[in-house]
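**Student:** A structural model of the following input is requested.
(one chain, ligands or ions: 2)
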Amino acid sequence: MLPLVALVGRPNVGKSTLFNALTRSRDALVHDQPGVTRDRHYGVCRPEGLRPFAIVDTGGIAGEDEGLVGATARQARAAAEEADLVLFIVDGREGASALDDDILKWLRKTARPTMLVVNKTDGIDSQAALNDFARYGFSDVVAVSSAHRQGIDELIEDVLAKLPEEGNTSELDTDPDRVRIAFIGRPNVGKSTLVNRLLGEERMIASEVPGTTRDSVAIDMERDGKRYRLIDTAGLRRKSKVDEAVEKFSIIKTLQAIEQCQVAVVMLDAGEGVTDQDASVLGYALDAGRALVVAVNKWDGQTDYQRQQAEGLLVRKLGFVDWAEAVRISAKHGSGLAELFKAIHRAHSSATREFGTSEVTKAIEIAYETNPPPVVRGHVAKLRYAHPAASNPPTFVVHGNRLRTLSDSYKRYLENFFRKRFKLVGTPVKFIFREGS
Ligand code: GDP
Ligand code: GDP
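**Tutor:** Ligands and ions are numbered 1, 2, ... in the order given. Below you'll find the predicted structure:
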């Protein structure tokens, strides 16, 4: 289960700067994907080789309780109250203020484990800055400069040490023959309708697998002799009337479902095109390196003209995931579901395919010879050999020289070359470039 860390603090202390420092993907090729919109409040920190955790930037917590500001403040509180760890961010330059004191009082009431993060300690005496907050009585205190990325790695280490144990994930992972899928998407695209239909059709071969923590639930089902585990994004089937703040908060559940699944099925509403929220959900699945299928739902309610419009939009707006299959379905009428599950299987087998070193090296040689990288400021990169490093998603290590000069477009060329050559559909393909042999 993806743990949740909340950033809390008064305005201007640097919460969103810290949020960016923690959640920006190291892989610029993924992060700067044109077409993906990024949610400014929810993200995942993926420290290399360490455990990922979700982050929510609660904005200014000491808001009014009325109107829009009130909704934001309520939402922030809901997030912080659920968090496994709260980072209380303060400004090391300005020192403690009355607003900080108020937030501290509120934090004490929530009784969540809290760490004090003194930000903006670049170019000042950080010990003096820490001392100014000594009266708050925190035993866990970290000095950072979010803007200059100083102390961030130490902060991540401290955070990981404070998070609850990983728990027993085996319940979700043990069965290698079960494809783990998550239906994700913004509210009202038809996720619950689809799940209910799937389970109804299966005459309840489905059974609930108790989640490891909190209220996560997985549902096992079979279809055409194949076995699946649906990772529930909490309450898919039992819809309750939750207030706006809590609805928004289910982004955390979406992030957790993405983390647990092998194939993410991103659902869209054919009548509404591809909204920013859709693109941001897609971005989360991409960041996690998940195999992907796009299910364009409510295809039943569309006229021919509307369908044409929708097709055009898909091509324009989803260019950044043109390797993912888009399937037109109607959850309401059950049409397109056979195609959907075929696409899920293609994505899953592509994502988990095993590779041999020789076929991978052969592929990189041919890719290189067919289209060598262009000369960059008098230098030209040389690709020598490659080997498989991981699956789900397929990851390859490429060895060579002057690899730093490889452009993003060349990297995308390699990706596409591998996709074609190995007939990979519906999965990201990753390369790690290693200088020398
Ligand atoms: P938020 O309102 O808490 O989300 O704060 P922001 O992240 O928007 O930052 C407020 C201001 O502080 C911006 O002008 C940032 O550039 C600046 N800032 C953030 N972090 C640092 C830091 O580590 N050092 C310095 N010197 N300035 C920072
Ligand atoms: P969720 O919030 O993503 O779980 O969405 P729901 O499953 O609750 O569906 C939202 C609304 O869309 C409901 O009124 C459904 O009846 C309707 N809906 C769902 N799937 C379809 C579909 O395939 N066609 C049509 N016309 N309506 C649908």
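
**Student:** where does the protein have low pLDDT?
**Tutor:** 26, 28-29, 60-73, 167-175, 201-217, 232-249, 437 (pLDDT under 70).

**Student:** any idea how far the most far-flung residue of it relative to its centre lies from residue 402?
**Tutor:** Distance from the centre of the chain peaks at residue 378, with 38.4 Å (Cα atoms, centre = their mean). For residue 378, the distance to residue 402 equals 10 Å [Cβ to Cβ, to the nearest Å]. Placement of C-beta: from N, CA and C, glycine included.

**Student:** repeat for residue 222
**Tutor:** Note on residue 222: its distance to residue 402, by Cβ to Cβ, is 52 Å.

**Student:** same check on residue 228?
**Tutor:** Going from residue 228 to residue 402 by Cβ to Cβ gives 46 Å.

**Student:** same drill for those two, tell me which one is more crowded.
**Tutor:** residue 228 (23 against 13; other Cβ atoms under 10 Å).

**Student:** next, the more buried one: secondary structure please.
**Tutor:** Classification of residue 228 by DSSP: H, G, I helix; E, B strand; the rest coil places it in strand.

**Student:** I'd say it and residue 182 touch.
**Tutor:** No: applying Cβ atoms under 8 Å, one finds residue 228 not in contact with residue 182, separated by 10.8 Å.

**Student:** contacting residues for residue 279?
**Tutor:** Applying Cβ atoms under 8 Å, 6 or more residues apart in numbering, one finds that residue 279 lies in contact with 35-37, 317.

**Student:** do that again at 7 Å, thanks
**Tutor:** Residue 279 makes contacts with 35-37, as judged by Cβ atoms under 7 Å, 6 or more residues apart in numbering.

**Student:** what about residue 410, how many residues close to it?
**Tutor:** 18.

**Student:** surely it touches residue 373?
**Tutor:** Yes: counting by Cβ atoms under 7 Å, residue 410 sits close enough to residue 373 to count as a contact (5.1 Å).

**Student:** okay, now the domains of the protein?
**Tutor:** Listed domain ranges for the chain are 4-162, 178-352, 357-435 (source: the TED database).

**Student:** do the longest one and ligand 2 meet at all?
**Tutor:** Yes: judged by Cβ under 6 Å from any ligand atom, domain 178-352 comes into contact with ligand 2 at 185, 187-193, 297-298, 300-301, 330-332.

**Student:** wait, is residue 81 part of a helix?
**Tutor:** Yes: looking at residue 81 with three-state DSSP, it is inside a helix.

**Student:** so which strand or helix has the most centrally placed residue in the chain?
**Tutor:** Using Cα atoms, centre = their mean, the residue of the chain that lies closest to the mean C-alpha position is residue 284, 3.0 Å off. Following DSSP states H and E, one finds residue 284 within helix 276-287.

**Student:** buried sites along that helix?
**Tutor:** Neighbour-count burial for helix 276-287, counted by 16 or more other Cβ atoms under 10 Å, picks out 277-287.

**Student:** again with stretch 319-331
**Tutor:** 320-321, 323-331.

**Student:** so which of these belong to strands?
**Tutor:** Members of the buried residues of stretch 319-331 lying in strands (criterion: DSSP state E): 325-328.
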